[in-house]
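Trainee: Got a predicted structure here, sequence first:
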2 protein chains.
Amino acid sequence: MVEKVSLGTMPLIYPIPIVLVGCKANGQVNFATFGDVGLMGINPPLLFLSSHRDHLTTDLIKEAGIFSINIPDTNLLEKTDTCGIASGREMDKAALFEVFYGSVEQAPLISECPVNIICQVVHQFAIQHRQLFIGQVVETLIDKDRVVEEDGKLRPKGLEALDPIFYALDNRYYRSGPAIGIGYQTGKRQ
Amino acid sequence: MVEKVSLGTMPLIYPIPIVLVGCKANGQVNFATFGDVGLMGINPPLLFLSSHRDHLTTDLIKEAGIFSINIPDTNLLEKTDTCGIASGREMDKAALFEVFYGSVEQAPLISECPVNIICQVVHQFAIQHRQLFIGQVVETLIDKDRVVEEDGKLRPKGLEALDPIFYALDNRYYRSGPAIGIGYQTGKRQ
């Protein structure tokens, strides 16, 4: 048995995906960096977002009922970190990017991010100072050069091509390493 | 403007953390592989888990109100994939691991996983066939050789030492690459 030590109640889950959340309400467009996001299911396509109740993002999403998730690649590391430091109440973060729109006017999207996901809020609740939004995907866009066609369907390339930024609780950003296995196959050799 | 194409409503968030969720009720211990987990906030320390309503894990967590998150390293890739293929209704997955307990009897933990997190369910709800559990961390344990002491406090080492498995929607498992920046600092150079 490996010797274990306690880290108190640290929510030490990793890796943490890093995304830029977009929202638009009351004439204001904002982007903010989030790590407290994740997949809640593929069918129905659900994502969640946890936002501090005092953040501008929380106000704008409550107003619009819509948000976007824009996934940067490592070329956007500096701007992504900037969007986690500065508040949209003090800085026009939309000016950092080329902004465009898909099928929903309240969901500003970042052209430079390889993947853009529009989510409609289908459930929300508060736990202490956190506002938790459950979003159902309305539309997913991806750079044309980051997909492959397989069996007549477009599919995203692997993480080498998407080149995401992720984070861990040592306060470092990381890039992905190589693929090491195939889902629902690697374990059949047991 | 980069040319974009549609992927329909694919919930294409990445990277997806891969964990082994442990639970215990009605005399049964089970472990199952999950990617639909994530961080919901550091203070209070909240994590979420999304489970299909028909899975044994859902029944056991509903009964116990407690679950564990055990984070494997890449040495455990085959067993981790196995725990995503086989149902606990047909296979004793606890037999694959050295199981131990922390401060909570209903939270079985995996010794071979570098990090073990015990969560108490503080909120749950259903969306279609998904049961969504919000867990508040009760206790976090880590292998003694994966921490560093800084300013008199234990902190987890970086991802090189924790060596997680993560996943993406190309159905591949990946390992981490190197650190590329520091949170709340890299963007100050802008």
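Mentor: Here it is on my side, so go on.

Trainee: how close does the nearest residue to residue A:96 once chain neighbours are set aside sit to residue A:95?
Mentor: Distances taken as Cβ to Cβ, 6 or more residues apart in numbering or on different chains put residue A:79 closest to residue A:96, at 5.2 Å, once the chain neighbours are dropped. (C-beta placed from N, C-alpha, C; glycine too.) Separation of residue A:79 from residue A:95 (Cβ to Cβ, to the nearest Å) stands at 11 Å.

Trainee: on that earlier part again, now do the contacts for the residue nearest to residue A:96.
Mentor: A:72, A:96, A:97, B:187, B:190 (Cβ atoms under 8 Å, 6 or more residues apart in numbering or on different chains).

Trainee: what stretches of chain A score poorly on pLDDT?
Mentor: Residues of chain A meeting the criterion pLDDT under 70: A:189-190.

Trainee: For my notes, please list the contacts of residue A:79 in JSON lines and give secondary structure for each entry.
Mentor: Converted to JSON lines, these look like this (DSSP: H, G, I helix; E, B strand; the rest coil):
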{"residue": "A:72", "secondary structure": "coil"}
{"residue": "A:96", "secondary structure": "helix"}
{"residue": "A:97", "secondary structure": "coil"}
{"residue": "B:187", "secondary structure": "helix"}
{"residue": "B:190", "secondary structure": "coil"}
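
Trainee: quick check, nearest of those residues to residue B:65?
Mentor: Taking Cβ to Cβ as the measure, residue B:65 lies nearest residue A:72 of the contacts of residue A:79, at 37.6 Å.

Trainee: Check whether the closest one really touches residue A:113, as I assumed.
Mentor: Yes. Between residue A:72 and residue A:113 there is a contact under Cβ atoms under 8 Å: 5.1 Å.

Trainee: and those two? which has more neighbours close in?
Mentor: Per other Cβ atoms under 10 Å in any protein chain shown, whichever of residue A:72 and residue A:113 has more neighbours is residue A:113, with 26 against 23.

Trainee: Select only the buried ones of the contacts of residue A:79 in ChimeraX?
Mentor: The ChimeraX selection below is limited to those of the contacts of residue A:79 classed as buried (16 or more other Cβ atoms under 10 Å in any protein chain shown):
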select /A:72,96,97 /B:187
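
Trainee: in stretch A:99-107, what counts as buried?
Mentor: Using 16+ other Cβ under 10 Å as the test for burial, stretch A:99-107 gives A:99, A:102, A:104, A:106, A:107.

Trainee: Just the ones of those in strands?
Mentor: With DSSP state E as the criterion, strands contain residue A:99 from among these.

Trainee: just checking, residue A:24 touches residue A:61?
Mentor: No. In this structure, residue A:24 is not within contact of residue A:61 by Cβ under 8 Å, at 9.6 Å.

Trainee: More neighbours: those two, which one.
Mentor: Using other Cβ under 10 Å, the more surrounded residue of residue A:24 and residue A:61 is residue A:61, with 27 against 23.

Trainee: So residue A:165 versus residue B:15, what's the distance?
Mentor: Separation of residue A:165 from residue B:15 (Cβ to Cβ): 10 Å.

Trainee: show me the contacts for residue A:2.
Mentor: Counting by Cβ under 8 Å, 6+ apart, residue A:2 has contacts B:111, B:112, B:143, B:144.

Trainee: One more pass at 7 Å, please.
Mentor: Applying Cβ atoms under 7 Å, 6 or more residues apart in numbering or on different chains to residue A:2 gives the contacts B:111, B:143.

Trainee: thinking again about what came up before, of residue A:165 and residue B:15, which one has the most company?
Mentor: Between residue A:165 and residue B:15, residue A:165 has the larger neighbour count (other Cβ under 10 Å), namely 28 against 25.

Trainee: Which strand or helix spans the more buried one?
Mentor: For residue A:165, the element it lies in under DSSP states H and E is strand A:165-168.

Trainee: Wondering if that strand reaches chain B at all.
Mentor: Yes. Using Cβ under 7 Å from any Cβ of the partner chain, we find that strand A:165-168 touches chain B at A:166, A:167, A:168.

Trainee: returning to what we had before: tell me the buried residues in the host helix or strand of the residue nearest to residue A:96?
Mentor: Per DSSP H and E, residue A:79 falls inside helix A:77-85. Within helix A:77-85, the residues scored as buried using 16+ other Cβ under 10 Å are A:77, A:79, A:80, A:81, A:82, A:83, A:84.

Trainee: any idea how far residue A:15 lies from residue B:37?
Mentor: 12 Å.

Trainee: Which neighbours do the two have in common?
Mentor: Common neighbours of residue A:15 and residue B:37, using Cβ under 7 Å, 6+ apart, are residue B:17.

Trainee: Tell me the spacing between residue A:32 and chain B.
Mentor: Distance from residue A:32 to chain B, counting by Cβ to the nearest Cβ, to the nearest Å: 12 Å.

Trainee: helix, strand or coil for the closest residue to that residue other than its chain neighbours?
Mentor: Distance criterion Cβ to Cβ, 6+ apart; nearest residue to residue A:32, sequence neighbours excluded, is residue A:57 at 4.7 Å. Per three-state DSSP, the local secondary structure of residue A:57 is helix.

Trainee: Tally up the residues packed near residue A:57, please.
Mentor: 23.

Trainee: Equivalent analysis for residue A:27, please.
Mentor: The number of residues packed near residue A:27 is 5, by other Cβ under 10 Å.

Trainee: The one 3 residues further on now?
Mentor: Using other Cβ under 10 Å, the number of residues around residue A:30 comes to 25.

Trainee: As a check, name the ranges of all helices in chain A.
Mentor: For chain A, the helices defined by DSSP state H cover A:56-64, A:77-85, A:159-162.
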